[in-house]
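J.: Pasting the sequence and the predicted model now:
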Amino acid sequence: MEIRKKNILNLIKYHADKNENGFKNEAYDIARYFDSIGDLELAQYIMALLSGTNTFVPQDNEYNFPFFTKVNLTNESTLPLPTLIKNDIVGVINSIGHKVGVNKFLFEGDPGTGKTETAKQIARILDRELYVIDFDALIDSKLGQTSKNLASVFEELGHLPQPEKVIILFDEIDAIALDRINSNDLREMGRVTSSMLKGLDGLSDNVVLIATTNLFRQFDKALLRRFDSIVNFSRYSRDELIEVAESILNNFLPKFKFAGRNMRLFRKILLTADHIPYPGDLKNLIKTSLAFSDPNSEYDYLKKLYESIDAKNDTADLKTLQNKGFTVRDIEVLTGVSKSQVSRELSA
């Protein structure tokens with residue numbers, strides 16, 4: 001693009017016609033031109049002049065728009081992913097780097113499988129800011145307003161001054177993307193879906209958008225086809241979940257100096273569970289077990305983890321612990337009862 005007479009005439013025309021959107025769009029195009037030729041100061045000055053309006057423009061390296069919230073990516077611990085999912089995420093990162101228009105991704109899977117954390121990790125790897133859509137602000141009780149808000153979101157996404165520096169996250173997009181057939185208000189859901197379809201179809205190839213959903217089976221099929229790639233996050237084997245749990249524990253242990261390391265018993269506790277939780281819940285269980293443990297007992301967190309991971313678990317029942325494969329030494333750690341007393345009670 002070059003600045004031509006037409007751009008100047010358009011500005012004057014839009015101003016005379018009081019066409020605010022047209023005026024802003026033309027001004028954004030001019031700002032992008034100056035940014036592209038390296039005149040950052042002038043580009044930023046134009047954007048600053050526009051910042052008095054309700055527009056999505058940079059201020060102190062951040063974007064300011066009612067429906068977007070910047071995600072803090074500092075001091076974030078990552079959730080390790082199994083090989084199948086990790087390979088897909090490497091593909092997502094590669095496709096963004098190729099800049100060939102593969103830029104809309106849907107992460108689907110059960111709650112706690114690491115969808116949102118992975119979006120954060122992608123932003124960190126690519127050194128981009130991450131902005132999440134605030135659905136609480138976007139969804140409106142007034143008939144038709146939600147679809148208008150969504151259209152406004154995509155309009156602003158079309159005028160990002162530096163799209164290559166951000167990733168947009170539609171976290172738990174289920175609020176606006178469920179199957180229209182199952183909606184209580186078909187007319188409103190139809191409007192919202194139409195706005196979403198139109199917005200995705202018109203989204204610039206330069207804007208990277210990641211959406212997450214916990215309700216993939218109820219997801220609107222027309223919307224599914226708009227995404228370039230769908231990554232299933234519910235592909236964890238028991239062994240992989242145990243490896244994830246070990247990684248999480250290793251990350252937390254240095255923060256709790258009193259806690260002892262006993263990975264053998266830690267694994268055994270997890271193996272007793274009928275169902276090993278997904279990483280998000282595992283992280284909370286392990287963190288809470290450590291935080292609530294007795295600082296004078298180095299393995300008290302293991303006892304609390306065993307009791308928390310299954311409601312039926314009771315460390316007071318020594319015979320049950322033995323039947324689950326715990327040794328006398330394990331039982332001593334989990335109960336605080338001496339090995340000699342454990343042996344006596346089990347042999348009685």
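T.: Nice, I can see it.
J.: shaky segments in the stretch 101-250 of the chain?
T.: 141-143, 177-190 (pLDDT under 70).
J.: Strands of that one, residue ranges please.
T.: 104-108, 129-133, 166-170, 208-213, 229-232 (DSSP state E, counting those that start in this stretch).
J.: and of those strands, who's closest to residue 251?
T.: Proximity to residue 251 (C-beta to C-beta) singles out strand 129-133 among the strands of the stretch 101-250 of the chain, at 21.1 Å. All C-beta spots, glycine's among them, are computed from the backbone N, C-alpha and C.
J.: Confirm residue 72 sits in a helix?
T.: No - assessed with DSSP: H, G, I helix; E, B strand; the rest coil, residue 72 is coil; it does not lie in a helix.
J.: quick one: it from residue 207, how far?
T.: Using C-beta to C-beta, to the nearest Å, residue 72 is found at 21 Å from residue 207.
J.: of the two, who's got more company?
T.: Ranked by neighbour count (other C-beta atoms under 10 Å), residue 72 and residue 207 place residue 207 first, with 17 against 9.
J.: Provide a list of residues in contact with that one.
T.: Contacts for residue 207 were tallied using C-beta atoms under 8 Å, 6 or more residues apart in numbering; they are 103, 157, 158, 160, 163, 166, 168.
J.: and the last one, how far is that from residue 104?
T.: Looking back up the chat, that one is residue 168. Separation of residue 168 from residue 104 (C-beta to C-beta) stands at 10 Å.
J.: now the second one
T.: In this view, residue 157 and residue 104 are 11 Å apart by C-beta to C-beta.
J.: Give me the common contacts of the two.
T.: 203, 209.
J.: So the two - more neighbours on which side?
T.: Using other C-beta under 10 Å, the more surrounded residue of residue 157 and residue 104 is residue 157, with 23 against 19.
J.: for that one, what are its contacts?
T.: Per C-beta under 8 Å, 6+ apart, neighbours of residue 157: 56, 168, 199, 203, 204, 207, 209.
J.: As TSV, the strands of the stretch 101-250 of the chain with distance to residue 308 would be great.
T.: Putting these into TSV (distance: least, C-beta to C-beta, whole Å) gives the following:
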stretch	distance to residue 308
strand 104-108	28
strand 129-133	30
strand 166-170	30
strand 208-213	26
strand 229-232	28
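J.: To residue 9, which of those strands lies closest?
T.: Proximity to residue 9 (C-beta to C-beta) singles out strand 166-170 among the strands of the stretch 101-250 of the chain, at 31.7 Å.
J.: Residue nearest the middle of this protein, spatially speaking?
T.: The chain has residue 116 as the residue nearest its centroid, 1.5 Å off, counting by C-alpha atoms, centre = their mean.
J.: List the residues that contact that one.
T.: Counting by C-beta under 8 Å, 6+ apart, residue 116 touches 169, 171, 212.
J.: Residue 254 now?
T.: Contact partners of residue 254, counting by C-beta under 8 Å, 6+ apart, are absent.
J.: Please apply the same query to residue 140.
T.: 146, 149.
J.: and what of residue 233?
T.: Counting by C-beta under 8 Å, 6+ apart, residue 233 touches 85, 107, 108, 109, 110, 113, 114, 115, 118.
J.: gap between the nearest residue to it once chain neighbours are set aside and residue 38?
T.: Counting by C-beta to C-beta, 6 or more residues apart in numbering, residue 233 lies nearest to residue 109, which is 3.1 Å off, once chain neighbours are set aside. Counting by C-beta to C-beta, the gap from residue 109 to residue 38 is 43 Å.
J.: before we move on, what about residue 270?
T.: Counting by C-beta to C-beta - residue 270 and residue 38 are separated by 55 Å.
J.: who has more neighbours, the two?
T.: residue 270 (20 against 9).
J.: Give the next helix or strand downstream of the helix or strand where that one lies.
T.: Residue 270 belongs to helix 263-271 when assigned by DSSP states H and E. As assigned by DSSP H and E, the chain's next helix or strand after helix 263-271 is helix 279-291.
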